[in-house]
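>>> need the 3D shape of this:
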Amino acid sequence: MTATLQEFLPDSSFLLDQSAEDWRQAIRLAGEGLQNSGFTTAAYTDEMIATVEKMGPYIVIAPGLALAHSRPSAAVLHTGLSWVRLSTPVPFGNKANDPVSLVIGLAGRDENEHLQVMSAIAKALSNPAAKDSLNDAQTPEAIRTILNG
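Reported below is the predicted structural model:
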């Protein structure tokens with residue numbers, strides 16, 4: 001799993017302690033992390049925002065956590081993740097889980113890879129102690145270590 005997280009979540013995909021005015025800007029930051037790592041083109045960021053505009057804030061999957069993604073498309077160059085920790089949480093419109101302080105961007109080249117990466121992240125984030133540690137982690141390496149359990 002370590003190699004997988006290193007591959008899917010390289011240092012260039014992290015944006016820690018960032019400021020966002022609203023959920024759209026938070027998703028744009030997640031898209032920036034995906035683009036920085038060569039996982040997607042700018043078009044994928046627009047697709048992620050359009051998905052929320054169309055489907056609502058279903059991407060807010062746990063208190064304070066949004067999993068920004070869209071369907072596999074030509075804008076996805078490689079399967080990968082971005083990790084955006086916001087300095088101030090922003091509302092996404094999900095009454096149960098707002099406001100959001102962690103936005104994970106997910107780009108999957110195909111449904112299978114998309115689900116594999118989602119499953120690995122969900123497993124890592126289901127540990128309450130790990131979630132608390134992630135808020136305090138200062139470097140990409142420290143975050144990957146926590147995610148690897």
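>>> and the gap between the residue nearest the centre of the chain and Ala74?
When Cα atoms, centre = their mean is applied to the chain, the residue found nearest the centroid is Ile104 (0.9 Å). Computed as Cβ to Cβ, to the nearest Å, the Ile104 to Ala74 distance reads 22 Å. C-betas here are computed from N, CA, C, even on glycine.
>>> same question for Thr40.
10 Å.
>>> those two: who's more crowded?
Thr40 (28 against 8; other Cβ atoms under 10 Å).
>>> sorry, back to before: would you say the residue nearest to the centre of the chain is within a strand?
Yes: looking at Ile104 with DSSP: H, G, I helix; E, B strand; the rest coil, it is inside a strand.
>>> ok, it - contacts?
30, 65-68, 81-84, 121 (Cβ atoms under 8 Å, 6 or more residues apart in numbering).
>>> so what touches the helix or strand Glu141 falls within?
Element membership of Glu141 [criterion: DSSP states H and E] is helix 140-147. Contacts to helix 140-147, defined as Cβ under 8 Å, 6+ apart, come from residues 2, 5-6, 9-11, 13-14, 16, 83, 121, 124, 130, 133-134, 137.
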